[in-house]
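In: using only what follows, build the 3D model:
(2 chains)
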Amino acid sequence: MALLEEPIKKPLDLKNYIGGEFVRSRGEMQDIVNPATGKVIARVPMSTREEVEQAVEAAKEAYPEWRSTPPLARARCLFRLKELLEEHFEELSRIQTMEHGKTIDESRGETRRGIENVEVATGIPTLMMGYNLEDIAAGIDEYVIRQPLGVFGIISPFNFPLMIPLWFAPYAVATGNCVIIKPSPETPISQTKLAELTEEAGFPPGVWNVVHGGVEAAGAMLDHPDIKGICFVGSTPVAKVIYRRCGETGKRVIAQAGAKNFALIMPDADLDNTVAACLTSCFGNAGQRCLAIANVVVVGEGLSGAEFDAFYRRFTDAFAAAASRIRIGYGLDDTIQMGPVRDAHKKEKIVGYIEKGIAEGAKLRLDGRKPVIVGDYPDTCFLGPTIFEDVTPDMTIGREEIFGPVATVMKAGGLKEAIGMIHSNPYGNAASIFTRNGKWAREFQYWTECGNIGINVGIVAPMAFFPFSGMKESFFGTLHGQGMEAIRFFTESRVVIQRWF
Amino acid sequence: MAEGELTASAIMCLAEEVEENSAAFYEKLASRFAKGREEFLGFAEESRKNKTFLVRTYQETVSDALETAFSCKGLDLAAVEVSLPENAGLQEALEIAVSLERRVSDLYFQIAEQTQSLLATIPRAFSRVAKKRAARIEVLQSMMGDA
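Out: All right, here's what the predicted structure looks like:
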């Protein structure tokens, strides 16, 4: 198969998008390197505090007119944006592969998930409706109106450069707010392209802004008194800082954080489909996904010792054999099943975890440190799938978020013990069970303290019309992104009590 | 690819190539043989529509949560290839066409069978196009009788 054509032919100089204009930043420029080829594909500015303030000013200026634009007219902008996203579907997907490293199927999947959020937000005339009740007392009626609040900030991570800001931004602007998106400085190209499309879609200047940058720009957004709320997706330590600082400045906050997701493999699981689901979840997106399964727990519920051993061996053999066959290379070659991790530093960190796993006594069943790469590419960012056996929940590799293509396999004698293992971990983002037994599935759904529960599903990614949940150290806030919860997050419930004399 | 495994993207590339090659093949038949010209041009046009339909279905279905990296294995990729010898008469051309349609419809039915995990839309789309391609066989065979 031939390599798909690259949409970026020469390095791009990225600009901020403020008040409907692409403006050059005064900040220092950093190179964006394609992790598969090692080539520079763009330069991104580290915007200053003043530039964030300019974006806030532009958004504030646009807000009064935008909020009084009829919801149907706002929805029309979103309909046009959806059409433009469809038109540029392939280009946007290939950009994600170039800036992040994921395979083209994964990028197209990300684009589709992003578009679905725009589609859901087009329903704003219905979604934003309030409610009312006549005669709460004699001749008195009461009703709730959902009103926008002003300017919101979105601080997004590197691993889903197009989709994650779209968990929030379409709902924010649909409800009449204005947004400032700060993309990850590691993968900022998709959001620049998206800003071009929002302009073409007809959003008025200042409604949709993009400010590139790092810690300084993020800090400026957190401190700014005119930003009413922040949506953040990233690591737990940063999410805690964001949550605290938003509390100090009185901002609403959605802070989606780290994860260490478990999958329980019950003795009656459909082995072929379970292995395929685990492979996709553990190693898809090169493991850089907050919904990735990290710990696979083989559960011996109802089995004798010998039966449990045989079942454990059958699963791990099939899992390791299939993982060892995964083709690794540049994601624009569509025969490739796994791309590189985002950069050399991340690779180094993941390798550090693998070494720690060995040092702590886990059995290295499949070593991904020296992968076979399809094509002539530098190995700077490539890793193969790694599988550890004999892992316990208290080991570093069983406890901490690795965010790479490393899966650990653990054993639990029964379902209750396995759920206990999940609860011993501080995170609570997602957990899955693979079984044909409805009772086990219900017990798991009922008791497991995780925001997103999968039953025979490896990647528990909520659709756009459901909230993207999370618990414990994986989420800080009250309302979640996507769907109705996003509508509530981006609006104030104004209560009116009315009587006419 | 390891043990003949194909990603969803590779399957779509394959289907695009099949439909594009098929369209070009029938256009060649139409330009070479007056008899059956209308049917050949109809098949060419249908193949281009098939291509659009399959790609659109995939793009509207694909999600980061699906097992797209391990979609199919053991497919007979020879269905992609079709050529018309310079000196082929109508009878021979029709035989080649029947063989093409058999291979393509078999391939698409196989893909439909193996992509059940990619939601309902993708297997349904391949089944639908497979049936259309299989239906051409009868038309081509009736033309053979007349040739």
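In: switch to C-alpha atoms for all contacts and neighbour counts from now on
Out: Will do.
In: and residue 136, what does it touch?
Out: This is for chain A. Listed by C-alpha atoms under 8 Å, 6 or more residues apart in numbering or on different chains, the contact set of residue A:136 reads residue A:142.
In: let me rephrase: I mean chain B.
Out: Applying C-alpha under 8 Å, 6+ apart, the residues contacting residue B:136 are B:98, B:101.
In: just for the chain, where's the confidence low?
Out: You didn't say which chain, so I picked chain A. Applying pLDDT under 70 to chain A picks out residues A:1.
In: that was the other one, I meant chain B.
Out: In chain B, residues with pLDDT under 70: B:1-3, B:70, B:118, B:146-147.
In: can you list the residues of it near chain A?
Out: B:1-2, B:6-10, B:59-70 (C-alpha under 8 Å from any C-alpha of the partner chain).
In: now the buried members of these.
Out: Those of these that meet the buried threshold are B:6-10, B:59-70, by 16 or more other C-alpha atoms under 10 Å in any protein chain shown.
In: how is chain A divided into domains?
Out: Per automatic domain parsing, the structural domains of chain A span A:12-257+A:474-499, A:261-455.
In: buried residues in stretch A:264-274?
Out: A:264-267, A:269, A:271, A:273-274.
In: dump those residues to TSV, plus secondary structure.
Out: Output for those, formatted as TSV (DSSP: H, G, I helix; E, B strand; the rest coil):
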residue	secondary structure
A:264	strand
A:265	strand
A:266	coil
A:267	coil
A:269	coil
A:271	helix
A:273	helix
A:274	helix
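In: contact partners for residue 122?
Out: Defaulting to chain A. A:75-76, A:78-79, A:174.
In: look at chain B instead
Out: Counting by C-alpha under 8 Å, 6+ apart, residue B:122 has contacts B:54, B:57-58, B:61, B:112, B:115-116.
In: what do you get for residue B:67?
Out: So residue B:67 contacts A:276-277, A:280, B:117-118 (C-alpha under 8 Å, 6+ apart).
In: ok, residue A:447 to chain B distance?
Out: As judged by C-alpha to the nearest C-alpha, to the nearest Å, residue A:447 and chain B stand 24 Å apart.
In: what's the closest non-adjacent residue to that residue?
Out: residue A:419 (7.7 Å; C-alpha to C-alpha, 6 or more residues apart in numbering or on different chains).
In: tell me if the one you found really is in a strand.
Out: No: remark: residue A:419 does not belong to a strand; assigned using three-state DSSP, it is helix.
In: that one is in contact with residue A:448, isn't it?
Out: Yes: the pair residue A:419 / residue A:448 is scored as a contact, 6.3 Å apart, by C-alpha atoms under 8 Å.
In: out of the buried ones among the residues of chain B next to chain A, which are inside helices?
Out: B:8-10, B:59-61 (DSSP state H).
In: so which residues of chain B form strands?
Out: In order along the chain, chain B carries no strands (DSSP state E).
In: now the helices: where do they sit in it?
Out: B:8-32, B:37-61, B:90-114, B:121-146.
In: show me what contacts the residue of chain B found nearest chain A?
Out: Nearest residue of chain B to chain A (C-alpha to the nearest C-alpha) works out as residue B:63 at 3.6 Å. By C-alpha under 8 Å, 6+ apart, the residues touching residue B:63 are A:106, A:108-110, A:112-113.
In: swap the cut-off to 7 Å and go again
Out: A:109-110, A:112-113 (C-alpha atoms under 7 Å, 6 or more residues apart in numbering or on different chains).
In: what about residue A:355, distance to residue A:259?
Out: Going from residue A:355 to residue A:259 by C-alpha to C-alpha, to the nearest Å gives 21 Å.
In: and these two? which has more neighbours close in?
Out: Neighbour count, other C-alpha atoms under 10 Å in any protein chain shown: between residue A:355 and residue A:259, residue A:259 has more, with 32 against 15.
In: the more buried one and chain B, how far apart?
Out: 17 Å.
In: again, but for residue A:219
Out: Per C-alpha to the nearest C-alpha, residue A:219 is found 31 Å from chain B.
In: number of nearby residues for that residue?
Out: Counted with other C-alpha under 10 Å, residue A:219 comes out at 14.
In: which residues touch the closest residue to it other than its chain neighbours?
Out: Leaving aside its chain neighbours, residue A:219 sits nearest to residue A:49 (8.0 Å; criterion: C-alpha to C-alpha, 6+ apart). The contact partners of residue A:49, by C-alpha under 7 Å, 6+ apart, come to A:216-217, A:220.
In: one more pass at 8 Å, please.
Out: Contacts of residue A:49 by C-alpha under 8 Å, 6+ apart are A:216-217, A:219-220.
In: mind checking which of those are in helices?
Out: Per DSSP H, those map to helices at A:216-217, A:219-220.
In: for the residue with the largest distance to the centre of chain B, what are phi and psi?
Out: Within chain B, the residue lying farthest from the chain centre (C-alpha atoms, centre = their mean) is residue B:65, at 27.4 Å. Per-residue torsions, residue B:65: phi -90, psi 0 (degrees, to the nearest 10).
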